[in-house]
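Colleague: This is a predicted model, with the sequence first.
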Amino acid sequence: MTERPSLDEYFLEIAFVVAKRATCLRNNVGAVIVRDKRILSTGYNGAPRGLEHCLDIGCIRELEKIPSGTRHEKCRAVHAEQNAIIQAAIHGVSISGATIYCTHQPCILCAKMIINSNIKKVVYSTPYPDTDSLEFFRSAGVEVECLPLK
């Protein structure tokens, strides 16, 4: 008999399923925003609505050999966390006080959006080179947990 996953593991595993829709050539990232055991919104990384995806036209960051965790402005993709927050806003769903589950540690840009969205907890599985985000979360009082999945 398999062991029943904790709620954090359960929602993080769902984030990995969401990430399968990502169109980035470097990292498939997924995010799930949850409050009171209820999924409020999901997001994955990909080009803005109506624009061509990197899967179809190639990756600027790869072509220019830009290291992971740097020069975010050169990426065509909207990050998974950003898309989850945007989807909640589009559909009028408050995410204040929620937890966001991310396949990867949020970058500094996403950290600022998460903080201003009043999300109270971040659970991620894969570390990311942009460690400034962790300091931002600590300073803002956002709880952070790294939960590597087996």
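Modeller: Everything's here; your move.
Colleague: So Arg35 is in contact with Ile100, correct?
Modeller: No. Contact between Arg35 and Ile100 fails when scored by CB atoms under 8 Å: they sit 10.1 Å apart. From N, CA and C alone the C-beta is placed, and that goes for glycine too.
Colleague: more neighbours, the two?
Modeller: With neighbours defined as other CB atoms under 10 Å, Arg35 and Ile100 compare such that Ile100 has more, 30 against 16.
Colleague: Secondary structure element for the more buried one, which one?
Modeller: Using DSSP states H and E, Ile100 falls within strand 99-104.
Colleague: and what of Ala84?
Modeller: helix 80-90.
Colleague: what comes into contact with that helix?
Modeller: For helix 80-90, contacts defined as CB atoms under 8 Å, 6 or more residues apart in numbering pick out 15, 18-19, 22, 29-33, 40-46, 78, 94-95, 100, 102-104, 106, 109-110, 113-114, 117.
Colleague: How about Arg21, nearest residue that isn't a chain neighbour?
Modeller: Counting by CB to CB, 6 or more residues apart in numbering, Arg21 lies nearest to Tyr44, which is 4.6 Å off, once chain neighbours are set aside.
Colleague: So which bits of the helix or strand of the chain with the lowest mean pLDDT are buried?
Modeller: Ranking every helix and strand in the chain by mean pLDDT, DSSP states H and E puts helix 60-63 at the bottom, with a mean of 80. For helix 60-63, a neighbour-count test (16 or more other CB atoms under 10 Å) marks Arg61 as buried.
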